[in-house]
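S.K.: Give the three-dimensional model of this entry:
(2 chains)
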Number of protein chains: 2
Amino acid sequence: MIIAELGERALLARLRARVAASPCEPLSDGVLVGIGDDAAVLRPARGMVDVLTADALVEDVHFRLGWSTPRDIGHRALAVNLSDLAAMGAWPRALLLSLALPPALPLDDFDGVLDGFLSLAAAARVPLVGGNLTRSPGPLMIDVTAVGSARPRRVMRRSGARPGDHLFVTGQLGAAAAGLALRDSGAALSALDADRRACVQRYDRPDARLRTGTIVARNRAASACMDLSDGLADAASAVADASGCGVELNAAAIPVHPGARAWAMDAERPELDLVLSGGDDYELLFAVPRRRTRLFLSAVHQAGETSVTDVGVCTSTSGAWLLGAEGRIPLGEGFGHF
Amino acid sequence: MIIAELGERALLARLRARVAASPCEPLSDGVLVGIGDDAAVLRPARGMVDVLTADALVEDVHFRLGWSTPRDIGHRALAVNLSDLAAMGAWPRALLLSLALPPALPLDDFDGVLDGFLSLAAAARVPLVGGNLTRSPGPLMIDVTAVGSARPRRVMRRSGARPGDHLFVTGQLGAAAAGLALRDSGAALSALDADRRACVQRYDRPDARLRTGTIVARNRAASACMDLSDGLADAASAVADASGCGVELNAAAIPVHPGARAWAMDAERPELDLVLSGGDDYELLFAVPRRRTRLFLSAVHQAGETSVTDVGVCTSTSGAWLLGAEGRIPLGEGFGHF
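M.R.: Have a look, this model is predicted:
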């Protein structure tokens, strides 16, 4: 069955029933009006600021229905937004979901996208409070708005890095880019070893580093933060630009995911390309003042999500550089969407 | 020149320059972080609740680039969201704009959409604080999230109507539906009389009834409110359903726009069809308790935006009905998107 056979009202009713059945449906005391009115109403968290982000996934640009399952796509549409909140140090409070749906979309795919979205929402304990459904004469588009909250002086910006601050990244990089390349090559998941399979899974279902971002922010342990949605080179350059300083990354220190390393070897491509210009890892880049290093490491440990690695330093001269075996070379730009 | 020639970074820079040049750019004291970080940060208005809505316009579903100018499309994408806030009685505080752009989109069209959006934002004194740009392999899509604020006990919901409350609509209805039909017929604007031209303009550049909605809400003069995005029949039925009552509309009392009346006569269609099932008017439907009628009318007068007309009453028996020359007939449903 395709969604056009159901019509808008029935589709909306189906969405509302799924939201009602999800563990995050209960109108928590912060949500005064949820789905079903002209707009949602939230009571602001006392003493907190609102943090707002919107990010869209477009079929055949950010995902393919033949590659990823609808559940994975729904998961990813939310994860990329939670990652933006994590990078600000904000905890999510409410979500809006805007779907543009091709009329021929199978109803099972609609359900799958919603279920993937709602189960990540439930895991993050954040309710879906509104949005809209519309028809798309082209690709499926999933646009999410995430509203978070943070203490006013605890918000992490891109612009706070200072010369001498060290740069740390969470996790191991390049996995999502390798996963995308593996998807692109048409390799069957079952034919891949565990490391390469982990790359595909990282691409399909990225995790947002919410606990790490919020606990580091709460401890004021970082001077700046940004997520790696468009690769490490893009993030490091953006932090440098916003902060009015330079950055030097130490090539040998960058933690490359073993699956990404294996893929790069097979493809005879430099593994750092994946890390520097490959997007979709949704790890976090932090700038950390030297005297906060212990506080930072203890916050990351407390979060218990992932490790961090010191990959470089902020400099007083501007520019973004990579220090490697070939000397000091300029960092390229990250993944561009056009 | 088309946008693909410019690339994502240059396009973002262009957007930021336009936002910076608009009268609403200044980071007002409520906006702590605007465009350019992982997310925007707002200080909540003291003693207010947050009101959130997201609504998308999709090319060839909600607009055509050949019919409306890019400026009109940008205006409309924002107006439909402001209308949702107006219906809740909330004043807008911040906007997020999510654009999915076909690579072959002329740069002039990109600029036009932004300019239409930003000039309405400036008129409503609401800053654009974030969003995202992405490529679309299909239609142009414009998804807007509007964040508003309202006093907690002043928010108007759809569910507050009670039997005996009268139903009022703002303005004159059917204009946008007639305007869409006139666009569809390919009629040249210059060949139309003033009434019909007003219909096309209403379709192209709807006004959100922000002052009327917020002043009525502030005075607690209405028990329920909803906007007429999908026609009067849809709105009246939705208010009845949400409120657990019925509605009876008085056919003779419904204020039909003179251009809509003229179009219906030309097309030999009942003019009420346009009003009941034609969408896009973005007028407001209010339920008003009898003892608040004077207060309500004085609030509408104070807002100074438009007139209101008493079109019917809420009943204790459920169902949505139209009372006309042919007796009592069930109200059809409004405009469906699938």
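S.K.: Where does chain A get nearest to chain B, which residue?
M.R.: Here the residue of chain A nearest chain B is A:Gly138; by C-beta to the nearest C-beta that distance is 2.0 Å. Placement of C-beta: from N, CA and C, glycine included.
S.K.: That residue is in what secondary structure piece?
M.R.: Taking DSSP states H and E as the definition, A:Gly138 sits outside all helices and strands.
S.K.: got a list of what the closest residue to A:Ala56 other than its chain neighbours touches?
M.R.: In this structure, A:Ala56 finds its nearest non-sequential neighbour in A:Asp143, 4.0 Å apart by C-beta to C-beta, 6 or more residues apart in numbering or on different chains. Listed by C-beta atoms under 8 Å, 6 or more residues apart in numbering or on different chains, the contact set of A:Asp143 reads A:54-57, A:97-100, B:54, B:56, B:98, B:141, B:143.
S.K.: Quick check on A:Asn250: phi, psi?
M.R.: Phi and psi for A:Asn250, reported as degrees, to the nearest 10, are phi -100, psi 110.
S.K.: So for it, what pLDDT did the model give?
M.R.: At A:Asn250, the model reports a pLDDT of 97.
S.K.: just checking, it touches A:Arg328?
M.R.: No. Between A:Asn250 and A:Arg328 there is no contact under C-beta atoms under 8 Å: 10.7 Å.
S.K.: Common neighbours of those two, please.
M.R.: Common neighbours of A:Asn250 and A:Arg328 (C-beta under 8 Å, 6+ apart) do not exist.
S.K.: Look at the two and report which has more neighbours.
M.R.: Taking other C-beta atoms under 10 Å in any protein chain shown, A:Asn250 and A:Arg328 do not tie; A:Asn250 has more neighbours (16 against 10).
S.K.: Would you mind measuring from that one to A:Asp310?
M.R.: 8 Å (C-beta to C-beta, to the nearest Å).
S.K.: could you dump the host helix or strand of A:Gly259 to PDB, C-alpha only?
M.R.: Per DSSP H and E, A:Gly259 falls inside helix A:258-267. Extracted in PDB, the C-alpha atoms of helix A:258-267 (Å, rounded to 0.1, in the frame of the first residue of the first chain):
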ATOM      1  CA  PRO A 258      40.000   0.700  11.600                       C
ATOM      2  CA  GLY A 259      37.200   0.100   9.100                       C
ATOM      3  CA  ALA A 260      38.000   3.400   7.300                       C
ATOM      4  CA  ARG A 261      41.700   2.500   7.300                       C
ATOM      5  CA  ALA A 262      40.900  -0.900   5.800                       C
ATOM      6  CA  TRP A 263      38.600   0.700   3.200                       C
ATOM      7  CA  ALA A 264      41.200   3.300   2.300                       C
ATOM      8  CA  MET A 265      43.800   0.600   1.800                       C
ATOM      9  CA  ASP A 266      41.500  -1.400  -0.500                       C
ATOM     10  CA  ALA A 267      40.700   1.700  -2.500                       C
END
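S.K.: which secondary structure elements does it contact?
M.R.: In this structure, helix A:258-267 packs against helix A:175-184, helix A:194-204, helix A:271-277, with contacts taken as 3 or more C-beta pairs under 8 Å, 6 or more residues apart in numbering or on different chains; DSSP states H and E.
S.K.: can you list contacts of that helix?
M.R.: A:172-175, A:177-179, A:181-182, A:193, A:195-199, A:256, A:270-271, A:273-275.
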